[in-house]
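Participant: Return atomic coordinates for the entry below.
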Amino acid sequence: MKTSIPIAVSALLVATPLLANEVADDQAKARENFQQADADNDGELTPAEFREFINANADDGLGRAGMVRRFGAYDTAFGRIDKNEDGLVTPAELSAARRN
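Facilitator: Below is the predicted model of the structure:
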């Protein structure tokens with residue numbers, strides 16, 4: 001039993017940088033998908049652009065995008081992320097939603 005604890009701790013120490021790299025890679029993919037979906041390059045996503053963003057994220061297996069696409073819940077997801085209800089989703093709103 002005593003030897004399994006150091007092994008478990010060692011495994012966590014090895015896995016932590018790998019998980020951090022995976023998160024950074026996912027964030028980079030999401031930023032790229034945002035830029036590609038932002039057709040007018042204004043730094044904000046309209047509902048139509050948001051749909052493209054979700055579909056690209058779902059294709060990449062990022063976050064809950066696959067579930068949103070599967071259930072066709074684009075409008076619901078958009079409404080939850082667009083906190084100021086201006087009809088646009090910004091990177092700041094996406095970051096805030098990711099933390100919640």
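
Participant: Report the buried residues of stretch 34-49.
Facilitator: 34, 37-38, 44-46, 49 (16 or more other Cβ atoms under 10 Å). C-betas here are computed from N, CA, C, even on glycine.

Participant: will you turn those residues into TSV that also has distance to residue 27?
Facilitator: Formatted as TSV, the entries for these read as follows, by distance: Cβ to Cβ, whole Å:
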residue	distance to residue 27
34	10
37	15
38	16
44	19
45	16
46	22
49	19
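
Participant: Need the max-distance pair from the residues you listed.
Facilitator: Based on Cβ to Cβ, the longest span within the buried residues of stretch 34-49 runs between 34 and 46 and measures 12.5 Å.

Participant: Kindly indicate which of the buried residues of stretch 34-49 lies nearest residue 58.
Facilitator: Out of the buried residues of stretch 34-49, the one with the shortest distance to residue 58 is residue 37. That distance is 12.1 Å, counting by Cβ to Cβ.

Participant: ok, then the element right after the strand or helix carrying residue 22?
Facilitator: Secondary-structure element containing residue 22, defined by DSSP states H and E: helix 4-37. Counting by DSSP H and E, the next helix or strand C-terminal to helix 4-37 is helix 47-59.

Participant: Now tell me what touches that following helix from outside.
Facilitator: Under the contact criterion Cβ atoms under 8 Å, 6 or more residues apart in numbering, helix 47-59 has outside partners 29-30, 33-34, 36-40, 45, 63, 65-66, 68-69, 74-75, 77-78, 81, 87, 89.

Participant: do the same with stretch 78-91
Facilitator: Contact with stretch 78-91 is made by 31, 34, 43-47, 50, 93-94, 96-97, as judged by Cβ under 8 Å, 6+ apart.
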